[in-house]
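Asks: Take this sequence and fold it.
(3 chains)
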Amino acid sequence: MAKKQKTSWIVWLRRLAQTGFFLLFCYLFLQTVYHPINQAGRGVTLFFNLDPLVALCSWLASHALVGAMLLSLATLAVTFICGRWFCGWVCPFGALHNFFTSLRGGPAKQKLEAGGYHRWQKAKYYLLVAFLVAALLGADVVGWLDPFSFFFRSLSTSIYPAINKGLVAAFTWVYDANPGVGPVRLTLVTEPVYSFLRKYFLAAAQPYYWGSLLVGSLFITVVALNFWRARFWCRYVCPLGGLLGVVGKNPLVRLNKHQEKCNNCRLCLVDCQGGAAPDKGWKPSECFYCWNCKSDCPAQAITFTVGSPHEVTCHSERSEESRPASPGVGAVREPPLLIDRGIEVGKKLR
Amino acid sequence: MNRFSRWIADFLHPPKEARLDLGRRAVLGASLAGVGAKLLFGIAPEASKRTFNPALIRPPGALAEDDFLARCIRCGECMKVCPTNAIHPASLEGGFEGLWTPVLVTSLGYCDYECNLCSQVCPTHAIRQIEVAEKQKIKIGLAYIDRSRCLPWAYSKTCIVCEEHCPTPKKAIWFEEVEVRNIQGEKLTVKQPRVDPELCIGCGICEVKCPVRAPAAVRVASVGESRNPENQILLTTDSYGQG
Amino acid sequence: MAHLDRRNFLRAGVTAGAGLGISLLGPRHLVSSPQPPALSIAHYKTSPTDPDGIAEEARRLTRQAIDALGGMGRFVSKGNVVWIKPDIGWDRRPEQAATTNPDVVATLVALCYQAGAKKVLVSDNPCNPARLSYPRSGIQPAAEKAGAEVPFLDERKFRKMSLNGKVLKEWEVYQDIVEADRLINVPIAKNHNLCLATLGMKNLMGVLGGARNRLHQDLGGTVADLAAFLEPRLVVLDAIRILTANGPVGGNLADVKRKDTLVAGVDQVAVDAVGATLLGYKPESIVYIVQGNARGLGTMDFKSLSPRQLEV
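Replies: Numbers count the residues shown, from 1 in each chain, chains lettered A, B, ... in the order given. Next comes the predicted model:
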């Protein structure tokens, strides 16, 4: 029986990066507001500038490029070498989906089902193609499903107004009801907190937006789908993920499986974020480099190394066939049995 | 060098397991979907250029509609930054293609005269980056008085809130002093507002502040917008809608 | 939730203030010491064009006008919470004369603290968004520099109050302003198409919430009701730069005229009457001045108050 592995430090680093970029996105969101006098906040469109999908479709449809969009070339360059690291380490929308995915309960077997590769993951590439063709013809509608557009638009027109309304209502209720005993009132605590929130978080006036119900419902649906399939949006829908998957389909940093150590326990699948099928035939264009498989593998059969596909073998059927006939050294075959025994692999914030 | 060229070769001809196997037919189908979408967008009434949606009021600095739709990524930055909550995600005002693009809803918010924040934040410059002085000369629409609802027109009552708030240096709303009778039969003089189409920039503060609600007695329509030479009322001396 | 008792008390206090002052001074001053003036009109001899010059003008005019009334100590007592209500109604620069001169406000803040005020707050409920109007008018930075608190009004604190006026029975009023110890009204003289001029009494609309855009159906009555309800302790009318046309928003610098004058007084009708004449209107042609006069809130015949005229 495999023992629960200590989480690799790289996984912690990745979580830190995801949290950091998510908080940065939220910070830039809150900074997108009036600053005296007549300033919008510096660098608030950073994520859109880094987004190669926005740059590509904008250029295809309008034959022009905003200077700041050249930053997206950096994203493309790194993706070319390191694959979809962006999805795993940087994308704040991805971090959100990651978080909700990690909230899933249930036995490991169920997670395995949800975590494995599904051929519907190809849908995002077809969406990408449709958007690119439409953009080529002048209809730049990729913004409907671009992850940053989707996230920002949902936050600005639906989620943030709702949070604002809820907070103001709560503090107003306390202010009006003024519960307490004698001179000791709850408002002594809540009013300073409210002043702080008014200054740094709450909107100047409660915003209301047309169509907010539709936008908000879509957002909630997309986030909730993480409970059905791990990182649903990132795997099946995200056209930026599709673009990065195409650009990063042959990265230099590759998952290397030491076939002789692998015992087919498939623990690597349980927390696989991208559905890159590290158990058989690793798919680089689906891999987020989250490092979960490497961290979870009880046999330390997975490493990430630099090389080309011919050097660094993905553990495909081909390499299985070339294995010795008799069970070799350390090749203890414990297939689904390990998972059936319900080994505790659920870790928060995968 | 060998390794590098090997890597490039692998990229162009990857081994089986490293291939992104999308299927030629599926890719073709997706392409046709893209074409189909563009065609469907193209048959929306707005695309005919014969009619214009009065509710399609774009932020000042927005490009002409075709160029605008080619750039806008529906990100919502302008909607977040607008200090008067005037910019909203469109439903079908701009056709289906315009879904979630920014429109001003002048019953909910107005365009502040000294502000150009939306043009500062637009990541793709679908809303051009313009200075406030230029923005103040751009018309995004034209206000019209609904005489059947306006207090001095319809109810013999004094008002002038629309003119009071009008921000243009020479006010775009002027008055005709008219002697009217109220329901008691008394004669009184009221100031009946009229909009000056040369001066009105369509900012919408009149509609927001009008005491008559749902709908207001003065409303803004997109006609007269500077960025669309076809959507005009006035005889103009050039094709850019400039008088 | 009426605060009429306090307001009535204040009204009695204002008019009896002179008598109180005299009796405090002792019996031998009953005959010889003059009553402090109810109105002062300060005029600057020059008309500086540079921003520093105008700021200095504002400061000196304000100080001297208040001194001519007997000093801020007449209006503000030690430990008071003072609410200063300037015109921060519009997202406009100071030189466009749509908002009160920021240095007038800052000087008043400083004078209040010198007179022993515990806390001085400066605010308005503007027609353009507050977060735009406050900084661009220059009032927020100037007042904060002078030590005032300049809050954005909290929606929760607008409470329905009984105004018991002739026209306004009940309206949403900002609670904190009504509960403050002192209210100082600091308007700017501007043209207005409906009532010809917006001056002090009309400036008080900035303490109201609710559907203020309906008040225009009877501006004379509603503004007079409001003035009667609030009765500010002191009114300081900024007539350094006045807006003579296309008010109250303005925008065209050609509509701004220099009068280099500051009017201060306890009689809000009289102060408005002076402002009307500075704008070129007869006080009797302004509806709320007429109503205020008729109701005894003050007198529009400001000359009868023997105003102190100063050349600064």
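
Asks: Might you report the residue contacts of A:Thr45?
Replies: The neighbours of A:Thr45, taking C-beta atoms under 8 Å, 6 or more residues apart in numbering or on different chains as the test, are A:28, A:68, B:77, B:121, B:123. Any C-beta I mention is one placed from the backbone N, CA and C, and that applies to glycine too.

Asks: cool, C:Gly89 as well?
Replies: If you count contacts by C-beta under 8 Å, 6+ apart, C:Gly89 has them with C:98-99, C:124, C:126-128, C:133, C:206, C:248.

Asks: just C:Gln64 next, same as before
Replies: Taking C-beta under 8 Å, 6+ apart as the criterion, C:Gln64 is in contact with C:42, C:310, C:312.

Asks: which one in the contacts of A:Thr45 is the model shakiest on?
Replies: Of all the contacts of A:Thr45, A:Ala68 carries the smallest pLDDT score, 90.

Asks: Below-threshold pLDDT in the chain: ranges please.
Replies: Since you didn't name a chain, this refers to chain A. Counting by pLDDT under 70, chain A contains low-confidence ranges at A:1-4, A:308-350.

Asks: that's the other chain; I wanted chain C
Replies: Per-residue confidence for chain C (pLDDT under 70) gives these ranges: C:1-34.

Asks: which SS class is C:Met161?
Replies: Taking DSSP: H, G, I helix; E, B strand; the rest coil as the rule, one finds C:Met161 in the strand state.

Asks: Just grab the bridge partners of it for me.
Replies: Applying DSSP bridges to C:Met161 gives these bridge partners: C:Trp171.

Asks: Where helices are concerned, which of the contacts of C:Gly89 count?
Replies: Among these, the residues falling in helices (DSSP state H) are C:Ser133.

Asks: Can you tell me which of the contacts of C:Gly89 is nearest C:Arg92?
Replies: For C:Arg92, the nearest member of those is C:Ala98. The distance, counting by C-beta to C-beta, is 3.9 Å.

Asks: Return the residues in contact with the nearest residue to the closest one once chain neighbours are set aside.
Replies: Nearest residue to C:Ala98, sequence neighbours excluded (C-beta to C-beta, 6 or more residues apart in numbering or on different chains): C:Arg92, at 3.9 Å. For C:Arg92, the set of contacting residues under the criterion of C-beta under 8 Å, 6+ apart consists of B:114, C:98-99, C:133, C:136-137, C:249-251.

Asks: C:Lys282 against C:Ala276, yeah?
Replies: Yes: with contact defined as C-beta atoms under 8 Å, C:Lys282 and C:Ala276 form a contacting pair (6.9 Å).

Asks: of those two, who's got more company?
Replies: For C:Lys282 versus C:Ala276, neighbours defined as other C-beta atoms under 10 Å in any protein chain shown are more numerous around C:Ala276 (22 against 12).

Asks: Can you tell me the element the residue nearest to A:Phe219 when sequence neighbours are not counted falls in?
Replies: With sequence-adjacent residues excluded and distances taken as C-beta to C-beta, 6+ apart, A:Phe219 is closest to A:Ser154, at 3.8 Å. Take DSSP states H and E as the rule and A:Ser154 turns out to sit in helix A:147-154.

Asks: Kindly report the same for B:Val190.
Replies: Here B:Val190 is assigned to strand B:187-195, by DSSP H and E.

Asks: Could you do A:Phe219 as well?
Replies: Counting by DSSP H and E, A:Phe219 is found in helix A:212-224.

Asks: Okay, and the closest residue to chain A within chain C sits in which element?
Replies: Nearest residue of chain C to chain A (C-beta to the nearest C-beta) works out as C:Pro135 at 3.5 Å. With the criterion set as DSSP H and E, the secondary-structure element containing C:Pro135 is helix C:130-136.

Asks: Identify all contacting residues around whichever helix or strand comes after that helix.
Replies: Towards the C-terminus, the helix or strand next in line after helix C:130-136, according to DSSP H and E, is helix C:139-145. Taking C-beta under 8 Å, 6+ apart as the criterion, the residues outside helix C:139-145 that touch it are A:36, C:84, C:86, C:88, C:99-100, C:102-103, C:105-106, C:109, C:122, C:134-135, C:150.

Asks: rerun at 6 Å
Replies: C:86, C:88, C:102, C:105-106, C:109, C:122, C:134, C:150 (C-beta atoms under 6 Å, 6 or more residues apart in numbering or on different chains).

Asks: Of the contacts of C:Gln64 - the most surrounded one?
Replies: Highest neighbour count within the contacts of C:Gln64, by other C-beta under 10 Å: C:Ala42, with 24 neighbours.
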